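# Got a sequence here, can you build the structure:
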Amino acid sequence: MKRWFIQVGPTIYGPIDVNEVENLIKKNSDALVWGKGMSEWLPYLEWKKSVLSVVEKESRTRLWQYRHNDHESKILKMDELVNELKKLASYDNVYVKSDIDPKWQLLFTSQPVTDKLGLTRRTQLRVPIFGVFEGHNISLKEDFQCKLITLSEGGCGFTDAFGLKIGHSIRGQLVSPNLNQTVPVVGDVVYSGDGGEIGLKFSSMPAESKSLVMDYITKFREAESESPPT
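The predicted structure follows:
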């Protein structure tokens with residue numbers, strides 16, 4: 001299945017399959033790999049270990065459970081889980097776990113479940129990115145810094161962002177080697193996870209910065225019709 005992207009220097013290729021990843025790594029040992037459901041780019045060896053672990057878990061997983069707000073479901077088989085989830089009006093704040101991986105995880109990070117449901121978290125393409133966010137929490141009147149891991153036209157995702165809550169307004173700048181310059185933004189926190197994961201919705205961004213963001217995201221759109229280098 002062609003679901004992986006690989007970053008070689010400033011260039012991104014994909015989607016490609018596992019064999020194509022292996023071939024590219026032979027020529028570019030310092031390349032990084034990313035795929036749907038991953039929170040960030042990973043070095044090849046970490047990616048391979050992660051992929052093998054996921055494949056092994058998926059082959060052994062038989063029972064599932066979901067949590068929505070204060071409700072926890074009974075133990076379900078995959079088909080039963082999918083049928084129950086389809087009854088929900090929204091997938092926000094929905095977590096799932098399995099008999100093989102008993103730690104609750106956000107629904108949208110569970111590849112087996114999202115594949116069965118046939119959904120993605122956003123209509124806007126969300127892509128991985130290296131970087132940090134240096135900013136100020138307007139709501140709490142304090143400065144902070146966290147790790148930047150995803151980017152879309154309408155927002156971005158952070159990790160290690162403890163203390164931020166849904167509804168907080170923040171301003172600051174995205175700093176990343178994947179971008180040609182820092183990107184000033186103002187936004188509101190629309191998602192907050194238990195492990196310091198934050199989803200930010202942009203409320204203000206200069207036109208020049210928005211163009212810069214779109215240029216980066218376009219690399220992933222264009223990659224769908226490109227072949228990896230030979």
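
# helices and strands of this structure: which one bottoms out on pLDDT?
helix 44-60 (a mean of 76; mean pLDDT, DSSP states H and E).

# which sections of this structure are below the confidence cut-off?
Scanning the chain with the threshold set as pLDDT under 70 gives 1, 36-37, 39, 52, 54-59, 61, 119-124, 221-230.

# could you redo the last one with a cut-off of 50?
By pLDDT under 50, the low-scoring segments of the chain are 121-123, 223-230.

# which residues of it fall in helices?
Ranges of helices in the chain, per DSSP state H, are 18-27, 44-60, 78-86, 111-117, 207-223.

# Sort out which residues of stretch 107-126 are buried, please.
By 16 or more other C-beta atoms under 10 Å, the buried positions in stretch 107-126 come out as 107-110, 112-114, 117, 121, 126. The C-beta positions use only the backbone N, C-alpha and C, and glycine is treated the same way.

# from those residues, which is closest to V94?
Nearest to V94 among those, counting by C-beta to C-beta, is L107 at 4.3 Å.

# Skipping adjacent residues, who's closest to the closest one in space?
V94 (4.3 Å; C-beta to C-beta, 6 or more residues apart in numbering).

# From N180, how far out is the one you found?
Distance, V94 to N180, by C-beta to C-beta, to the nearest Å: 37 Å.

# Help me confirm that R3 comes into contact with P15.
Yes: with contacts counted by C-beta atoms under 8 Å, R3 reaches P15, the gap being 5.6 Å.

# how much space is there between the closest residue to R171 other than its chain neighbours and E142?
Spatial nearest neighbour of R171, chain neighbours left out: V186 (4.4 Å); criterion: C-beta to C-beta, 6+ apart. Distance of V186 to E142, computed by C-beta to C-beta: 16 Å.

# So those two - more neighbours on which side?
V186 (16 against 9; other C-beta atoms under 10 Å).

# mind listing what the more buried one touches?
V186 is in contact with 169-171, 202-205, counting by C-beta atoms under 8 Å, 6 or more residues apart in numbering.

# So how do I select the buried members of these in PyMOL?
Buried members of the contacts of V186, defined by 16+ other C-beta under 10 Å, are picked up in PyMOL with:
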select buried, resi 170+202+205
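
# Widest-spaced pair of the contacts of V186?
Greatest spatial distance in the contacts of V186: S169 and M205, 14.2 Å, computed using C-beta to C-beta.

# how is this protein carved up into domains?
Residue ranges for the domains of the chain, per automatic domain parsing: 4-59, 60-117, 127-223.

# among the helices of the chain, which is the most enclosed?
Sort those by mean neighbour count, taking mean count of other C-beta atoms under 10 Å, and helix 111-117 sits at the top with a mean of 17.

# Which strands or helices does that helix pack on?
Under the contact definition 3 or more C-beta pairs under 8 Å, 6 or more residues apart in numbering; DSSP states H and E, helix 111-117 sits against helix 78-86.

# looking at it, S176 is touching L148, isn't it?
Yes: between S176 and L148 a contact is recorded at 6.2 Å, counting by C-beta under 8 Å.

# picking up where we left off before, please render the contacts of V186 as CSV that adds distance to L24 to the earlier fields.
Shown next, in CSV, are those (distance: C-beta to C-beta, whole Å):
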residue, distance to L24
S169, 42
I170, 37
R171, 39
F202, 33
S203, 39
S204, 39
M205, 33
